[in-house]
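**Student:** This is a predicted model, with the sequence first.
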Amino acid sequence: MAITDVTVTAGTPLRSNRRRVVRRMLRNPLAISGLVVLGLAVVLAVFAPWLAPHEPTQTHLDQAFAPPGTAGYLLGTDDLGRDVLARIMYGLRASLHVGLLAVATSLAIGVPLGLMAGYFRAIDALISRFTDLVLAFPFLILAVGLAAIRGASLGNAAIAIGIAQIPGVIRIVRSETLRLKSLDFVAAAIVEGAGDAWVLGRHILPNAASVIIVQATVAIPAAILGEAVLSFLGLGIQPPAPSLGTMLSDAQQFAARAPWAAVMPGVAIMLLTLAFNVVGDSLRDALDPKASRR
């Protein structure tokens, strides 16, 4: 029997499980590197109004195309003399905002539907067919279409990306619910007269939490990339508000003259998404009960 399937119901202390996961994460150099990058990104995003050397929309036409290392402009400037470092800081804020809001939207809708599809056989077919229908469309194509319908803005981009991620959440939660439903502790609760809501909320959902958390860490970088694509296409955050995708879109016109204006936001997107993926993979390994036997 898998110990993790009875951590909530059998009374095993949750605190010891958390400590075990933290120990495994701290022993993983890649996990530590990813957490450091994420921590730095969060600090820059949250404290951007105080850390940024200039306002992100402030123009200095006399400093247009200043190369990195110019006094007062560590990462250089763009065609309007706007500080690239300041715009990246505020762009990180927008990316994290959209990523968290999109994932929250997908989890709020996808988790209940996944639980119901895995537990109630009567509605499983209906929810599964809906999931298959939505998954027939590529993620970015669906997000672009929804954003175009709702209009261009940060909130609409986050909602569009979140809706596009719902089918993936439903499938993962449904699969985990089916697995947990077949275990003895769930069957024992049903035999003892526990209602469906009690079984789902008290036994299945807590034991599926680790899978949901890992899915969230994997979905956030996909949402960040989706926001960058939408902003690049003009369907996300609108100028002059800074966005990493908008910075890439603006920089393509003068990439040969000022390559740093495109390279710097591209590197920021790469590092941010890579850090989330590394942390997600490390968290999945730390939560894996088989890891303790390796």
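**Tutor:** Received the coordinates, thanks.

**Student:** tally of neighbours for the nearest residue in space to Phe120 that is not next to it in sequence?
**Tutor:** Counting by Cβ to Cβ, 6 or more residues apart in numbering, Asp196 is the residue found nearest to Phe120 once chain neighbours are left out, at 7.6 Å. C-betas here are computed from N, CA, C, even on glycine. Residues near Asp196, counting by other Cβ atoms under 10 Å, number 11.

**Student:** Check Phe65 too.
**Tutor:** For Phe65, the tally of surrounding residues (other Cβ under 10 Å) stands at 16.

**Student:** With Asn277 instead?
**Tutor:** Applying other Cβ under 10 Å, we find 16 other residues in the vicinity of Asn277.

**Student:** Which positions within the host helix or strand of Leu115 qualify as buried?
**Tutor:** Take DSSP states H and E as the rule and Leu115 turns out to sit in helix 84-119. By neighbour count on 16 or more other Cβ atoms under 10 Å, the buried set for helix 84-119 is 84-99, 101-103, 105-107, 109-111, 113-119.

**Student:** For the residue nearest to Phe120, give me the pLDDT.
**Tutor:** pLDDT recorded at Asp196 is 82.

**Student:** Check the gap between it and His203 for me.
**Tutor:** To His203, Asp196 is 11 Å away according to Cβ to Cβ, to the nearest Å.

**Student:** picking up where we left off before, state whether the residue nearest to Phe120 and Tyr119 are indeed in contact, as I suppose.
**Tutor:** Yes. Using Cβ atoms under 8 Å, Asp196 and Tyr119 qualify as a contacting pair, with a distance of 6.9 Å.

**Student:** Could you tell me which residues touch both of the two?
**Tutor:** Counting by Cβ atoms under 8 Å, 6 or more residues apart in numbering, Asp196 and Tyr119 have no common neighbour.

**Student:** can you list the weak-confidence ranges in the protein?
**Tutor:** 1-17, 288-294 (pLDDT under 70).

**Student:** can you pull the contacts of the residue most central in space within it?
**Tutor:** By Cα atoms, centre = their mean, the chain has its centre lying nearest to Ile220, at 0.8 Å. Contacts here follow Cβ under 8 Å, 6+ apart; on that basis Ile220 touches Gly99, Leu100, Ala102, Val103, Phe276.

**Student:** In TSV, list the residues you listed along with distance to Ala286.
**Tutor:** What follows is those, written out as TSV (distance: Cβ to Cβ, whole Å):
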residue	distance to Ala286
Gly99	22
Leu100	22
Ala102	25
Val103	20
Phe276	15
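
**Student:** Check the residues you listed and tell me the two furthest apart.
**Tutor:** Ala102 and Phe276 (12.8 Å; Cβ to Cβ).

**Student:** Going by residue numbers, what spans are helices in this protein?
**Tutor:** 14-26, 29-46, 48-51, 84-119, 121-135, 139-150, 154-181, 184-191, 196-198, 205-232, 244-251, 260-287 (DSSP state H).

**Student:** how about these, which one is nearest Gly72?
**Tutor:** Distance to Gly72, taken as Cβ to Cβ, is lowest for helix 84-119 among the helices of the chain, at 10.1 Å.

**Student:** between that closest one and helix 184-191, how big is the angle?
**Tutor:** 60 degrees (axes from the mean of the first three to the mean of the last three Cα atoms, to 10 degrees).

**Student:** how far is helix 84-119 from where the chain is centred?
**Tutor:** 5 Å (Cα atoms, centre = their mean, to the nearest Å).

**Student:** Just want the angle from that helix to helix 260-287.
**Tutor:** Using the same axes, to 10 degrees: helix 84-119 against helix 260-287 is 40 degrees.

**Student:** What is helix 84-119 packed up against?
**Tutor:** For helix 84-119, the elements it packs on are helix 29-46, helix 48-51, helix 121-135, helix 154-181, helix 205-232, helix 244-251, helix 260-287, judged by 3 or more Cβ pairs under 8 Å, 6 or more residues apart in numbering; DSSP states H and E.
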